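**Q** Here is my input, please return the structure:
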Amino acid sequence: LQDDYVLKRVVKTCDFIGVNYYFSDRGYGDRKHNPNQRLSDLGWDMQPGDLEHALVRLHEKYKKPILVTENGLADADDSDRKWWIMQTIVAMQRALEKDVHLIGYIHWSLLDNFEWDKGFWPKFGLVEVDRESMKRTIRPSAAWFARVIKRLSA
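**A** Next up, the predicted model:
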């Protein structure tokens, strides 16, 4: 509902729709009913496959190209990021098979960053940043993602 409130007012002037996707909420009436089987460090229900539904719905309703402008999860120990990215890729592939005009994907984030409402503690980065020394360390999921990108672009 929030997306449609804004989009229906501006979509005619847009070249594409940008989508930020971190979680989905399943609502029944006025309450959330999420599976909560896997939670990010922020306690968000991780359902990366639901990105497919968002992409298909936006494509069917607005008939515009779509760019996934932000997608990722807070995962300090890097235990779920690889799974998240793989499920996201599968969701985007399924959307493409349904003729969604997907023009790109940007993972959030390259580096651990400052979240406006949470500070530095959520670790979204493919690359870990030690805030004291500013040393950067490539997480295993980032190395894996690089190999996947090479294979997909070949």
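
**Q** what residues are up against residue 139?
**A** 78, 81, 125-128 (Cβ atoms under 8 Å, 6 or more residues apart in numbering). (Each C-beta comes from the backbone N, C-alpha and C, glycine too.)

**Q** Using PDB, list the CA coordinates for the helix or strand containing residue 3.
**A** Under DSSP states H and E, the secondary-structure element containing residue 3 is helix 2-10. Backbone C-alpha positions of helix 2-10 (Å, rounded to 0.1, in the frame of the first residue of the first chain) are rendered in PDB as follows:
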ATOM      1  CA  GLN A   2       2.800   2.400   0.800                       C
ATOM      2  CA  ASP A   3       4.500   1.700  -2.500                       C
ATOM      3  CA  ASP A   4       1.400   2.300  -4.500                       C
ATOM      4  CA  TYR A   5       0.500   5.500  -2.700                       C
ATOM      5  CA  VAL A   6       3.700   7.100  -4.000                       C
ATOM      6  CA  LEU A   7       4.100   5.200  -7.300                       C
ATOM      7  CA  LYS A   8       0.700   6.000  -8.700                       C
ATOM      8  CA  ARG A   9       1.500   9.700  -8.300                       C
ATOM      9  CA  VAL A  10       4.900   9.700  -9.900                       C
END
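
**Q** thinking again about what came up before, out of the contacts of residue 139, who's nearest residue 140?
**A** If you rank these by distance to residue 140 using Cβ to Cβ, residue 78 comes first, at 5.9 Å.

**Q** pretty sure the closest one is touching residue 141, no?
**A** Yes - between residue 78 and residue 141 there is a contact at 5.3 Å, judged by Cβ atoms under 8 Å.

**Q** okay, the two: which has more neighbours?
**A** A side-by-side neighbour count of residue 78 and residue 141, using other Cβ atoms under 10 Å, places residue 141 first with 21 against 16.

**Q** What residues of the strand or helix carrying that one count as buried?
**A** Take DSSP H and E as the rule and residue 141 turns out to sit in helix 140-153. Burial within helix 140-153, assessed by neighbour count using 16 or more other Cβ atoms under 10 Å, is assigned to 141-142, 144-145.
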